[in-house]
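[1] For reference, the sequence and a predicted model appear below.
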Amino acid sequence: MLELRPNCECCDRDLPPDSSAAMICTFECTFCRDCATGVLAGSCPNCGGNLVQRPIRPARMLEKYPASSKCVLKPDGCKRVA
């Protein structure tokens with residue numbers, strides 16, 4: 001099950017579970033659409049994998065399977081993987 005992390009690792013933008021602006025890689029590194037398509041050019045800075053839109057968990061399932069509250073933030077911001 002996806003963690004549904006609550007923020008962008010680059011800019012710390014809030015990304016609630018129903019956000020269509022959340023992008024993830026295969027390891028669930030989480031970024032907002034602006035960072036993912038801008039500075040990261042569609043590639044995860046951690047693993048080099050592609051970034052895709054994170055699915056939205058239906059509201060009725062959030063009670064039983066809540067989103068993560070653990071924030072991850074890169075202290076120096078994000079840099080594109082070469």
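    Now that the structure is in, tell me what you want to look at. Residues are numbered from 1 along each chain as shown.
[2] quick one: residue 44 from residue 27, how far?
    Per C-beta to C-beta, to the nearest Å, residue 44 is found 7 Å from residue 27. In this view, the C-beta of every residue, glycine as well, is placed from N, C-alpha and C.
[3] neighbour count winner among these two?
    residue 44 (23 against 10; other C-beta atoms under 10 Å).
[4] Tell me the backbone dihedrals of residue 59, please.
    Torsion angles at residue 59 (phi, psi; degrees, to the nearest 10) stand at phi -50, psi -40.
[5] Give the burial count for the residue lying closest to it once chain neighbours are set aside, as a bare number.
    In space, and not counting its chain neighbours, residue 59 is closest to residue 18: 7.2 Å by C-beta to C-beta, 6 or more residues apart in numbering. The local packing of residue 18 (other C-beta under 10 Å) involves 13 other residues.
[6] tell me the secondary structure for residue 18?
    Three-state assignment for residue 18 (DSSP: H, G, I helix; E, B strand; the rest coil): coil.
[7] Stretch 51-65: how far from the chain's middle?
    Distance of stretch 51-65 from its chain centroid, counting by C-alpha atoms, centre = their mean, to the nearest Å, is 13 Å.
[8] which residues touch it?
    With contacts defined as C-beta atoms under 8 Å, 6 or more residues apart in numbering, stretch 51-65 is touched by 1-2, 4, 15, 17-20, 22-25, 30-31, 33, 36, 40, 42-44, 67.
[9] quick one, what contacts the residue nearest to residue 59?
    56-57, 59 are the contacts of residue 18 under C-beta under 8 Å, 6+ apart.
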